[in-house]
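S.K.: predicted structure and sequence below. I'll ask about it afterward.
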Amino acid sequence: MKIKKYIPVLIFVCLWVAWFVCYPYFLVWLEGYSFFSTLPDFTTVHYKLPLEIFRYIGAFLLQFYAWPAVGAMVQALIPILFLFCMILIVRRLFKDHDGVIWLSYIPLPLFIYYQMSDMTLARTIMILSAGAVAAGIVFLATMPGKPFGNIPALLKNKILGISVIVLSLAASVGIVAQDGPLTQYHEDIAHLEYLGEHGQWEKILENVSVQDAMTNEYNRKYALLALAETGQLTEHAFRYGLSSAEDFLFYDVQEPYCLGFNELFYRSLGMNNPAIYSVYQQAVQSLPGLSFDTVRCLADIYLEQKDYVMAKKYIDIMDHTTCHRKWVRERRARLEKIKGAVPEYRMGGQQFILQSFLPDMSAMVDRYPQEKKYADYILCGILAEKDGNTFYNVFNIIASSLYPDGQNIPELYQQALLLIASHELEVLQKYKIDESVWKQFNDFTEYMRQGKTAQAKRKFAGTYWAYVY
């Protein structure tokens, strides 16, 4: 058996490895962004509109991307099926097809390039179907005989054929690995989202360097969230690039990645009301108006709130999907436990009405004065605005609950208090400043007095003084 018969297998393996190694988390993200249901209304909508059948097939396939190895296999298999269509066309058109079989490999990189930007697989399936139809037409049209018997010798050149096939393979794998519309940037964001959804905050900090956070807003927001969740926000907020209260979450954006982060941010704070709002925004951005991620998230939020009716609604929706039997079984058990319970809403008032970050955090501090996480968010947000007067007024209120004896104050706040003490002498009487902070402050001011601003900012990087000056 000729080795060229195994070339499609080689290409499949190479593409599978490229997808699995380069984009495992993005494949999972694609599953979350998609939606498929066995309910008749979902199927009917896709069959009533001519082109929707391709989106329906794509949605069916995408649900298996929850397992990256399977998702990579599907992503690799689709181009190979297209390649087989091209091979069939060449075989039927040319009598001496073995010498020009390389012609069928030419469209492959273009197909893969187009596939890389298709998050629903609809266009990819449509092109594959067009290739299959073309192959069928050629097959039927050439049944009486083959129209082209003589092929120019140049086209049958073995070196040419091998070169084209090798280049096609290299280009195809290269497009997946680094040169296509989908880049490592998308994978990195999907990875951070995955880690956040699974509460792996330390791993987020391992994956996001200080430089990454300083230069990329997605990395910065995930790093700041991870710092807050691990209790390190007051230690490293300014080292990781905090420069505004708006660095904590996204405002006035409709990008799926941004909305996904906002939902994660609010859920990590136990603020289910704005979390639901973010989830609804996510759902609207997806083509079916729902996605696996949004339905799963809504079901879990309503289970936490003991809202039996709403939780049951979304669990029932997931009960009509193909790959969620275990998930549904686990939620059904939790659902039975809240049957008849009175729903618990941690946030009252009109639903989905949000203000800017600082007023929202202020409301949470008022409601939960003993919760340090809310206090750190509002205080760090105010410090980022370089508003010393507001910081001092708010800190006095928060300190009465968290630092009643004026001690064990995080160093970041001590640094800010020392600056405020220059015109508020009572500060040093009310709050204890550690000796190490005093020493750092004296060293910093000495550098500044000598005009060594750059050296001071480098040596005391991450301090509030370096940020202010």
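M.R.: Done, it's in. Residues are numbered from 1 along each chain as shown.

S.K.: how far does stretch 116-128 sit from its chain's centre?
M.R.: Mean-position distance between stretch 116-128 and its chain equals 21 Å (CA atoms, centre = their mean, to the nearest Å).

S.K.: can you list the buried residues in that stretch?
M.R.: Using 16 or more other CB atoms under 10 Å as the burial criterion, the residues of stretch 116-128 that qualify are 116, 118-128. Every C-beta, even on glycine, is put in place using the N, C-alpha and C of the backbone.

S.K.: quick check, nearest of the residues you listed to C380?
M.R.: Distance from C380 was checked for each of the buried residues of stretch 116-128 by CB to CB. The minimum falls on M119, at 35.4 Å.

S.K.: isn't the closest one up against W29?
M.R.: No - between M119 and W29 there is no contact under CB atoms under 8 Å: 9.2 Å.

S.K.: low-confidence stretches in this structure?
M.R.: Low-confidence segments of the chain, defined by pLDDT under 70: 1-3, 45-50, 145-156, 179-182, 344-355.

S.K.: what kind of secondary structure is the most centrally placed residue in it in?
M.R.: Nearest to the geometric centre of the chain sits A190, at 3.3 Å (CA atoms, centre = their mean). Using DSSP: H, G, I helix; E, B strand; the rest coil, the three-state assignment for A190 comes out as helix.

S.K.: state the distance from it to Y25.
M.R.: A190 sits at a distance of 4 Å from Y25 (criterion: CB to CB, to the nearest Å).

S.K.: kindly report the same for E435.
M.R.: When distances are taken as CB to CB, E435 and Y25 turn out to be 46 Å apart.

S.K.: neighbour count winner among these two?
M.R.: Set side by side, E435 and Y25 show more neighbours around Y25, with 18 against 8, by other CB atoms under 10 Å.

S.K.: wait, a strand at S422?
M.R.: No - applying three-state DSSP, one finds S422 to be coil, outside a strand.

S.K.: contact partners for it?
M.R.: Counting by CB atoms under 8 Å, 6 or more residues apart in numbering, S422 makes contact with nothing.

S.K.: and the protein, what are its domains?
M.R.: Residue ranges of the domains in the chain are recorded as 3-181, 252-345, 357-468, according to automatic domain parsing.

S.K.: between those domains, which one is nearest to E246?
M.R.: Proximity to E246, assessed across the domains of the chain by CB to CB, is greatest for domain 357-468 (6.4 Å).

S.K.: quick one: terminal-to-terminal distance for that closest one?
M.R.: 21 Å (CA to CA, to the nearest Å).

S.K.: how near is I397 to A375?
M.R.: Looking at I397 against A375, where the rule is CB to CB, the gap reads 9 Å.

S.K.: now the lengthiest helix in the chain: buried residues?
M.R.: The helix of greatest length in the chain, counted in residues with DSSP state H as the criterion, is given as helix 68-93. When burial is assessed from 16+ other CB under 10 Å, helix 68-93 yields the following buried residues: 68, 70-76, 78-80, 82-83, 85-93.
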